[in-house]
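[1] I'd like to go over a predicted model; first the sequence, then the structure.
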Amino acid sequence: MARYRGPKAKIARRFNDPIFGPSKAVQKKAYPPGQHGRGRRRKQSEYAVQLMEKQKAKYTYGMLEKQFRNVFKKASRKSGITGEILLQMLESRLDNVVFRLGIAPTRRAARQLVLHKHILVNGEIVNIASFSVKEGDIISVRERSKSLEVIVDSLASKAKKYAWLEWDEKEMAGKFVTQPQREEIPENIQEQLIVELYSK
């Protein structure tokens, strides 16, 4: 399955945001990569700003252009605020929910756990990272995968809790309670710029 496999620190520096998790590179070099990274840059056009925001969202959620555009099209057909619906759809992807529940330390690791059939949805194995989790769905770790080091370590260091998710530590299962509100989603993304870009 297609996904970005290039250097993560370079992308984080481009957006000046540790979108793949904590990055020393962003702290040490708070300027864009490349030989002109430190030089003076002319003011970015409106299109460039919008494009950067879309690229940041794509890298954050681990998607390529075609897949991201399809999600946007689905979001734009629904009634409500398109940008908020877009983020809700991205947040309800199975790999993202596994990451938010703390089962995996990163979205990439969560994607791998899903693809390798370690994750159940309502008691059934689902190995599609882009699977859309619905309200009330139970996401759990497969019985024989509960002792996996990556899962145990990730759950042990889990710190954040999210209002739209419930976690049962004993059962190693979480519930997708409801769609998150925009103010609850911690990602530093200006979704309105993405809507403006695709509306051109």
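    In hand now; what should we look at?
[2] Which positions in the strand or helix carrying residue 111 come out as buried?
    For residue 111, the host element (DSSP states H and E) is helix 107-115. By neighbour count on 16 or more other CB atoms under 10 Å, the buried set for helix 107-115 is 107, 108, 109, 110, 111, 112, 113, 114. For every residue, glycine as well, the C-beta is placed using N, CA and C.
[3] Do me a favour and average the pLDDT over that helix.
    Across helix 107-115, pLDDT averages out at 93.
[4] helices or strands up against it?
    Under the contact definition 3 or more CB pairs under 8 Å, 6 or more residues apart in numbering; DSSP states H and E, helix 107-115 sits against helix 94-100, helix 149-156.
[5] ok and the longest helix anywhere in the chain relative to helix 107-115, angle-wise?
    The helix spanning the most residues in the chain, taking DSSP state H as the definition, is helix 46-61. Compare the direction of helix 46-61 with that of helix 107-115 by axes from the mean of the first three to the mean of the last three CA atoms, to 10 degrees and you get 50 degrees.
[6] Please enumerate the strands of the chain.
    Ranges of strands in the chain, per DSSP state E, are 119-121, 124-125, 138-141, 165-168, 173-176.
[7] for this protein, what helix or strand is lowest in average pLDDT?
    Every helix and strand of the chain was ranked by mean pLDDT, DSSP states H and E. The lowest is helix 24-28, at a mean of 56.
[8] Quick check: residue 129 touching residue 117?
    No. Residue 129 is beyond contact range of residue 117, at 11.8 Å (criterion: CB atoms under 8 Å).
[9] When the two are compared, which one has more neighbours?
    More neighbours surround residue 129 than the other of residue 129 and residue 117, with 22 against 12 (other CB atoms under 10 Å).
[10] what sits against the residue nearest to that one when sequence neighbours are not counted?
    In space, and not counting its chain neighbours, residue 129 is closest to residue 95: 4.1 Å by CB to CB, 6 or more residues apart in numbering. Residues near residue 95 by CB atoms under 8 Å, 6 or more residues apart in numbering: 62, 107, 110, 111, 114, 129, 130.
[11] What is the nearest of the residues you listed to residue 184?
    Using CB to CB, the shortest approach to residue 184 within the contacts of residue 95 belongs to residue 107, at 17.7 Å.
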